[in-house]
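Trainee: kindly return the folded structure for what I paste below:
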Amino acid sequence: MLSMRTWTITALTGLLAAGVLAPVAQAQPPQAPFPEAIDLPDGFYPEGIAIDDRTAYVGSLADGAIWEQDLKTGQSTQFAPAPPAGGIAVGMDVDAFGRVWVAAGGPALDPSLTPGFRVYDSDGTLLVNQPVPAGFVNDVIVTRDAAWFTDSFSPQLIRVPLTPDGTIGAPEAVALGGDWDQVPGAFNANGIVATPDQQQLIVAQSAAPDAPGAALYTVPADATAPLLPAARIALTETLSGADGLVLIGRTLYSVATEGVVTVSLRNALTTGVIENTITVPGSITPTTADVFGSRLYVVDANFPALFAGGDPTVPFQTTAVPR
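Mentor: Prediction:
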């Protein structure tokens, strides 16, 4: 004897076969792919990018403004205007409270700039605009108990303590020791990331002491130590350059002029195998990247145009590449 459930299934199956009922899945519109490029304003000269969920925050070397981009829809709008007293935006990160941290550079790009950092609330409100004792504040990574900034012209990191409730402490300069070998007059410490357990930092040195090439170091993420011993990572090949860094597990992505270099970290982060270079279509001088899903999102500062006077008509975009 047929149960009511059996009859219902049999009847629905017949209706589907006859085309009277269409499967629900077929009635849904197809999902549009995420765009591979999202436009930024002309003359923007982006250097840093930080992604929170599907929102990318991109900062300008031209005037320090920050734009937010929806990686799914491609919509791009202003998140925060240029700082009231002027400035630039270099490296960026988003903390656990949704606040956007921005490295503010220094006089290497403009003699009028004061080294420091800014912090914005999730709605774009400027919360902190803090000068620091540094040469050029270049990049930032925020861990559970501190924000860490690189200083490209001094052998140090700038450490900003954080309490569990997010209270921001006073910045302090912490010397880099160990294997760190500062190159006078060059851009040294640049990109910075934290390991998944947040016990170690990885710092890129754009101008390695044994140039040509760049260098990578591990540094303990100690929120109280007066000196941080850096340990150089032994690489299997010359790393042509290193600006922004992205770390996913044990795979490190290092942004360089020719693209994004993939480095496989091994032996407790003491060695790195250079695997390949990911090309960024249409790029001139890629600077920084961040990750969302299976893609890296890369910005290109176009340094030749910037250093030639910063043509306000030059177009810019955020470009997605498969990782």
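
Trainee: so where does residue 177 fall, helix or strand?
Mentor: Using DSSP states H and E, residue 177 falls within strand 172-178.

Trainee: which parts of that strand are buried?
Mentor: Of all the residues in strand 172-178, those buried under the rule 16 or more other C-beta atoms under 10 Å are 174, 176. From N, CA and C alone the C-beta is placed, and that goes for glycine too.

Trainee: for it, packing partners?
Mentor: For strand 172-178, the contact count by 3 or more C-beta pairs under 8 Å, 6 or more residues apart in numbering; DSSP states H and E identifies strand 156-161, strand 227-232 as packing neighbours.

Trainee: rounded mean pLDDT for it, please.
Mentor: Mean pLDDT, strand 172-178: 98.

Trainee: and stretch 272-288, end to end?
Mentor: Criterion C-alpha to C-alpha, to the nearest Å; first-to-last residue distance in stretch 272-288 is 20 Å.

Trainee: an error on my part: the question was meant for stretch 308-317.
Mentor: End-to-end span of stretch 308-317 (C-alpha to C-alpha): 20 Å.

Trainee: now the strand holding residue 177 against strand 227-232, angle please.
Mentor: An angle of 40 degrees separates the directions of strand 172-178 and strand 227-232 when computed by axes from the mean of the first three to the mean of the last three C-alpha atoms, to 10 degrees.

Trainee: partner strands of strand 172-178 and their direction?
Mentor: Looking at strand 172-178 with DSSP bridges, its partner strands are strand 156-161 (antiparallel), strand 227-232 (parallel).

Trainee: the strands in the stretch 201-323 of the chain, which residues?
Mentor: Listed from the start of the chain, the stretch 201-323 of the chain has strands (DSSP state E, counting those that start in this stretch) covering 215-220, 227-232, 234-235, 245-248, 251-256, 259-266, 271-278, 286-292, 295-300, 316-322.

Trainee: in the fifth one, what counts as buried?
Mentor: Put plainly, it is strand 251-256. 252, 253, 254, 255, 256.

Trainee: identify the residues contacting the residue nearest to the first one when sequence neighbours are not counted.
Mentor: What it means is residue 252. Leaving out its chain neighbours, the residue that sits closest to residue 252 by C-beta to C-beta, 6 or more residues apart in numbering is residue 263, at 4.3 Å. Contacts here follow C-beta atoms under 8 Å, 6 or more residues apart in numbering; on that basis residue 263 touches 216, 235, 239, 251, 252, 253, 254, 272, 273, 274, 275.

Trainee: how about residue 103?
Mentor: Listed by C-beta under 8 Å, 6+ apart, the contact partners of residue 103 are 48, 89, 90, 91, 92, 117, 137, 138, 139, 140, 149, 150.

Trainee: selection in PyMOL covering whichever of those residues are buried, please.
Mentor: For anyone working in PyMOL, the buried entries among the contacts of residue 103, judged by 16+ other C-beta under 10 Å, can be selected with:
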select buried, resi 48+89+90+91+92+117+137+138+139+140+149+150
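
Trainee: in helices only, show me the contacts of residue 103.
Mentor: With helices taken from DSSP state H, there is no overlap with the contacts of residue 103.

Trainee: quick one: which of the contacts of residue 103 is nearest to residue 55?
Mentor: Of all the contacts of residue 103, residue 55 sits closest to residue 92, with 12.2 Å by C-beta to C-beta.

Trainee: just checking, the closest one touches residue 61?
Mentor: No - in this structure residue 92 lies outside contact range of residue 61 using C-beta atoms under 8 Å: 12.0 Å.

Trainee: and the residue nearest to residue 252, what's its pLDDT?
Mentor: If you check residue 263, the pLDDT there is 98.

Trainee: okay if I get the buried residues of strand 251-256 as a markdown table plus pLDDT and distance to residue 54?
Mentor: What follows is the buried residues of strand 251-256, written out as a markdown table (pLDDT from 0 to 100; distance: C-beta to C-beta, whole Å):
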| residue | pLDDT | distance to residue 54 |
| --- | --- | --- |
| 252 | 98 | 23 |
| 253 | 98 | 19 |
| 254 | 98 | 24 |
| 255 | 98 | 21 |
| 256 | 96 | 26 |
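
Trainee: neighbours around residue 82, how many?
Mentor: When counting by other C-beta atoms under 10 Å, one arrives at 16 neighbours for residue 82.

Trainee: wait, is it part of a strand?
Mentor: No - when the secondary structure is assigned by DSSP: H, G, I helix; E, B strand; the rest coil, residue 82 falls in coil instead of a strand.
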